[in-house]
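Participant: coordinates only, sequence not included:
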C-alpha cells in the first residue's frame with residue numbers, strides 16, 4: 001500500500017507542478033507580450049534612436065525571456081519582474097534623451113547665430129575703421145554703397 005501511496009502522491013505533485021507551470025507560463029507570456037508592445041511603441045514614436053543600445057539590449061532580453069518561459073516558467077517569471085522595470089522605464093528615458101538632444105541642438109544653433117552676429121559686427125567695425133581713414137569722400141561713399149548691399 002505504501003508504494004501505491006507514494007506513486008499517487010508523486011503523480012499528484014507532478015500534476016500540481018504542471019498546473020502551476022502552465023499558470024505561470026500564461027501570466028508571464030502576457031507580460032512578454034506587453035514588453036514587446038512597449039518596445040514597438042518606442043520604435044513607432046521615433047524614440048529608438050535616442051536609446052538604441054538600451055533598446056537592443058532589452059529586445060534581446062525579451063527574446064531570451066520568451067524562450068526561457070517554455071523551459072523554466074518560474075525563472076522566467078522572476079526574470080520578468082526585473083525586466084519589467086527596465087522595459088517600462090525605457091520610454092521615459094527615451095523622451096528625456098530626445099529633450100536633451102533638442103536642447104543641445106537649440107544651444108548649438110543659438111551659438112552659431114551668435115557667432116555669425118559677432119563676425120558680422122567685427123567685419124562692419126573693421127570696414128568702418130578702414131573707411132574712416134580714407135581721405136577721399138567720393139570713394140568712401142562708393143564703398144559704403146557696395147558694403148550696404
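Facilitator: Done, it's in. A quick note: this is a predicted structure, and the numbers were derived from the prediction, not measured.

Participant: where exactly do the helices run in the protein?
Facilitator: For the chain, the helices defined by DSSP state H cover 2-44, 52-71, 73-132, 137-148.

Participant: export the ones you listed as CSV, with columns for mean pLDDT and mean neighbour count.
Facilitator: Where you see a C-beta, it was placed from the backbone N, CA and C, and this is true even at glycine. Converted to CSV, the helices of the chain look like this (pLDDT from 0 to 100; neighbours: other CB atoms under 10 Å):
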stretch, mean pLDDT, mean neighbour count
helix 2-44, 93, 13
helix 52-71, 96, 15
helix 73-132, 92, 13
helix 137-148, 70, 10
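
Participant: let me know the pLDDT of the residue most central in space within the chain.
Facilitator: What sits nearest the mean C-alpha location of the chain, by CA atoms, centre = their mean, is residue 51, with 2.7 Å. Note for residue 51: predicted pLDDT of 96.

Participant: look up the closest residue to it, ignoring the ones flanking it.
Facilitator: Using CB to CB, 6 or more residues apart in numbering and skipping the chain neighbours, the partner closest in space to residue 51 is residue 94 (4.5 Å).
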